[in-house]
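Undergrad: generate a structure from the sequence data that follows.
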Amino acid sequence: MVKITYAQKKASRPLFPKECLKKRRALTQAEIQVLEQNLNSSERADWSNVMVSSEAFDPSLVHGSFFGGFVILGALRPAKVKYHDLELECGIYNSKLRDVVTGDDNAIHNVAYLDNYRLGKGVILFNIQEMSCTKHSKFGNGILKQGESEDVRVWIGVANENDGRAVLPFESMTTADAYLWSRKRGDKALLKRFVELTEKGNTKKNDTYGIVGDESVIKNTTLLKDVKIGQCAYIKGAFKLKNITVLSSAQEESQIGEGVEMVNGIMGYGCRVFYQAVAVRFVLGRNCQLKYGARLLNSILGDNSTVSCCELLNNLIFPFHEQHHNSSFLIATTIMGQSNIAAGATIGSNHNSRSPDGEIIAGRGFWPGLCSDFKHNSKFASFVLASKGSYQRELNISYPFSLIAAAGENEPIQIMPAYWFMFNMFAIARNNYKFKKRDRRVIKVQHIETDPLAPDTMQQILPALERLIELTKNYLTDLGLDAINGAKSDAQKLQAAKDFLHQNPNSDFVLHDELCQKKCGATILKPVKAYKEYRKIVKYFAARSLMEFCAAHKLKKLSAAAIQKIMAIPLYAKWTNAGGQIIPSQKVDELCAKIKARKINDWQAVHKFYDKCQESYGDYKARYSIYLLEELYSRKIGDFTKEIFEDIVADVTVVSNDMLSDSYYSRKKDYDDPFRQMTYGDTEEMTAVLGSLNDNAFLRDLKSQTADFNQRLAGLF
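TA: Okay, the predicted model is just below:
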């Protein structure tokens, strides 16, 4: 241990920061006498290193404490501060302060070591072993200070264990930012600019100090080192907090609980981290929960997510992620939101090489069943439900809203495309309602598309339809049907297959798709029904988007003039799920080009670009909807006949009514099924536990919304 002399200490520390001296004064001799009588001491015998409030300072409220370096005290008045059951006298008791600036009416009790911090008003510090801040602290941000080398910079290795997609954390980071950074790896100039954007505003000076915002409470905590804490935060019983930022405000209070360890990261507004949870190299979005021993390492967790008990390593996870079970494991993935990882799911147990560089990408609504495991690399379309099983080979599931099932190690997997629309329409109807209700963010920086039926899923349905036609063509060719064999070109054969799907709605056969699983391929179940359901859902999305456009622009119906207005909007046929916000891919490219051209120079400007995209989202969807209808009917909308519009209205009405009826049926089963009823003694007990079917708020809202939708739909065209 190197001994530092008093002279060295004195020379190495600035006496007072000038910006903190407003309304402050030196101690009087009478005040010094009271302080010393109360067993206080100072590094300087004359107490010249201590300044106090010129408005109010009661030296009798300071007991048994030591003051080193410079100490600037806010107003101290005889008063009590209270948070829940903890009530303390304002003042400083049995504590050691060095280079500290306190706010008015602080209560500092039993803080063994408090070094280089500035406290806001009404702060409570109680029973803290060490709370210190270095001059080169970054508070979890991926920046460097003067004289530091690149090897000390904090990176978060999302999506890949070998850090090939690593990003730098920063306070305002959203999952959209992290997604672009993690995916655009081939553009070296852009990656360099991302680093520059993150460093923007960093003076690199070694002059940092810890911050605790107004009315924050920290109690019974072992170690806080290089921590920046916002307003109204509550920290109790934490074990170790090091190099982190805790974002918190009066509107979105953040909390950290017992036994928590957090190192090198950013904790978002309104987050809750409790009960021995561990987070290392992380970013938590707004309104996230991490609890019950959960371990989050090298990962970014999107807004409104809850993780309990499990382990997550090297992941980029979009908003509304749920993972609640001790036996679940997630590694090296990009999960695009509204996901639910069941108990026993081990996503990352089977790598396909000796190097841990495999990845899994899953679209929105990924839901693996109990005790499922998957082999890297694998990719899943949106809203894929995987039944319980061990998936021993790499998967490429390109059918959205599908159910997949493992049939054996060397067998084709089974896929039922459009499963959600056939058998789980309740989930489609409820998802948007459910997620909006769970969104408790006050300030919504990250835009989140919560509706399952959106441009990102529609753009997956179109190729799924084309693939079903292609596979049906192969199937009919093998059967030797005249309609196929008589066709001269491949285009004619595809048209014949398409006609077959339309003309034989009750036909029941299976197809084989060799592209969905390595070596063994997949068996496609109910392809004719899936084809029909996909088409109806695309029409539903298009009609609803056009209705929303008419409402936004105060148009009574989709007249020729309205269609002409929509056709003037730029068409974007490719879309990107950017952290939960659905953005035209061309707009993403435009953003990246502006960043490289230095037309966008900080992350705030990037977020404003996202905002602009969101403002035009409704218009973009309307134009895309026209494109979708033209693709379905293989003609321009100007050539649509009355019969085509009637067909659209008929199919969309069916979907609308099915959402309502299936939702009622799905919930009604809980009341009518004898196997559901058998755990209850009588109807009254069941109603007390489940509630009344008629009291279900979602179903009541859905009923009125469906009636309104159908009425507006009838007059849309």
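Undergrad: look at stretch 507-521 and report the distance between its end residues.
TA: 23 Å (C-alpha to C-alpha, to the nearest Å).
Undergrad: can you list the residues that contact it?
TA: Contacts of stretch 507-521 from elsewhere in the structure, counted by C-beta atoms under 8 Å, 6 or more residues apart in numbering, are 393-399, 410-413, 415, 467-468, 471-472, 474-475, 500, 522-528. (Each C-beta comes from the backbone N, C-alpha and C, glycine too.)
Undergrad: how far off centre is it?
TA: For stretch 507-521, the separation from the chain centroid amounts to 34 Å (computed by C-alpha atoms, centre = their mean, to the nearest Å).
Undergrad: buried subset of the contacts of stretch 507-521 as a ChimeraX selection?
TA: Only the buried members of the contacts of stretch 507-521 end up in this ChimeraX selection, burial being decided by 16 or more other C-beta atoms under 10 Å:
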select :393,394,395,396,397,398,399,412,413,415,467,468,471,472,475,500,522,523,524,525,526,527,528
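Undergrad: spatially nearest residue to residue 430 (excluding sequence neighbours)?
TA: What sits nearest to residue 430 in space, not counting adjacent residues and going by C-beta to C-beta, 6 or more residues apart in numbering, is residue 698, at 6.1 Å.
Undergrad: doesn't residue 432 make contact with the one you found?
TA: No: in this structure residue 698 lies outside contact range of residue 432 using C-beta atoms under 8 Å: 10.5 Å.
Undergrad: so what's residue 220 up against?
TA: The neighbours of residue 220, taking C-beta under 8 Å, 6+ apart as the test, are 126-128, 236-237.
Undergrad: in helices, which of those appear?
TA: Among the contacts of residue 220, no member falls in helices (criterion: DSSP state H).
Undergrad: now, those residues that are in strands?
TA: Using DSSP state E, the members of these that fall in strands are 126-128, 236.
Undergrad: dump the contacts of residue 220 into TSV; add pLDDT, distance to residue 140 and neighbour count as well.
TA: TSV is the format used below for these (pLDDT from 0 to 100; distance: C-beta to C-beta, whole Å; neighbours: other C-beta atoms under 10 Å):
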residue	pLDDT	distance to residue 140	neighbour count
126	98	24	19
127	98	25	16
128	98	20	23
236	97	21	20
237	97	21	17
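Undergrad: ok, of those residues, which one's closest to residue 47?
TA: When these are ranked by distance to residue 47 (C-beta to C-beta), residue 128 comes first, at 24.2 Å.
Undergrad: pretty sure that closest one contacts residue 112?
TA: Yes: taking contact to mean C-beta under 8 Å, the distance of 6.9 Å between residue 128 and residue 112 places them in contact.
Undergrad: which helix in this structure runs the most residues?
TA: helix 642-672.
Undergrad: avg pLDDT for that one?
TA: Per-residue confidence for helix 642-672 averages out to 86 on the pLDDT scale.
Undergrad: just checking, what packs against it?
TA: Counting contacts by 3 or more C-beta pairs under 8 Å, 6 or more residues apart in numbering; DSSP states H and E, helix 642-672 packs against helix 425-438, helix 527-552, helix 674-677, helix 683-690, helix 697-714.
Undergrad: which of these sits most buried?
TA: Among the helices and strands packed on helix 642-672, ranked by average contacts under mean count of other C-beta atoms under 10 Å, first place goes to helix 527-552 (a mean of 21).
Undergrad: farthest pair in the ones in strands among the contacts of residue 220?
TA: Of all pairs drawn from the ones in strands among the contacts of residue 220, the one with the longest distance (C-beta to C-beta) is 128 and 236, at 11.0 Å.
Undergrad: now tabulate the helices and strands packed on helix 642-672 in TSV and tack on distance to residue 95.
TA: Compiled in TSV, those are given as follows (distance: least, C-beta to C-beta, whole Å):
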stretch	distance to residue 95
helix 425-438	41
helix 527-552	59
helix 674-677	59
helix 683-690	52
helix 697-714	51
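Undergrad: okay, now residue 692: neighbour count?
TA: Here the neighbour count serves as a burial measure; for residue 692 (other C-beta atoms under 10 Å) it reads 10.
Undergrad: no no, residue 570
TA: The criterion is other C-beta under 10 Å. On that basis, residue 570 has 11 neighbouring residues.
Undergrad: and what of residue 146?
TA: Using other C-beta under 10 Å, the number of residues around residue 146 comes to 11.
Undergrad: now the one 3 residues further on
TA: Other residues near residue 149 number 7, with proximity taken as other C-beta under 10 Å.
Undergrad: where in this structure is pLDDT low?
TA: Within the chain, the stretches falling below the threshold (pLDDT under 70) are 1-14, 349-356, 482-483.
Undergrad: going along the chain, name the strands of the stretch 401-550 of the chain.
TA: 403-405, 413-416, 511-513, 522-524 (DSSP state E, counting those that start in this stretch).
Undergrad: tabulate those (JSON lines), appending distance to residue 590.
TA: Putting these into JSON lines (distance: least, C-beta to C-beta, whole Å) gives the following:
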{"stretch": "strand 403-405", "distance to residue 590": "36"}
{"stretch": "strand 413-416", "distance to residue 590": "36"}
{"stretch": "strand 511-513", "distance to residue 590": "35"}
{"stretch": "strand 522-524", "distance to residue 590": "37"}
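Undergrad: where do the helices of the stretch 101-250 of the chain begin and end?
TA: Along the stretch 101-250 of the chain, the segments classed as helices by DSSP state H, counting those that start in this stretch run 175-183, 188-199.
Undergrad: what's next to the longest one, contact-wise?
TA: Outside of helix 188-199, the residues within contact range by C-beta under 8 Å, 6+ apart are 141-144, 167-168, 170, 181, 184-185, 592, 595-596, 598, 601-603, 606.
Undergrad: just want the angle from that helix to helix 175-183.
TA: Using axes from the mean of the first three to the mean of the last three C-alpha atoms, to 10 degrees, the inter-axis angle of helix 188-199 relative to helix 175-183 is 140 degrees.
Undergrad: do you know how far residue 512 is from residue 467?
TA: Distance, residue 512 to residue 467, by C-beta to C-beta, to the nearest Å: 12 Å.
Undergrad: same question but for residue 122, I mixed them up
TA: Distance from residue 122 to residue 467, by C-beta to C-beta: 62 Å.
Undergrad: pretty sure residue 320 contacts residue 435?
TA: Yes: counting by C-beta under 8 Å, a contact exists between residue 320 and residue 435, whose distance comes to 5.3 Å.
Undergrad: intersection of neighbour lists for the two?
TA: Listed contacts common to residue 320 and residue 435 are 304, 338, 448, 450; contacts here mean C-beta under 8 Å, 6+ apart.
Undergrad: who wins on neighbours among those residues?
TA: Neighbours were tallied for each of these (criterion: other C-beta under 10 Å), and the maximum of 29 neighbours falls on residue 338.
Undergrad: many thanks, I have nothing further to ask.
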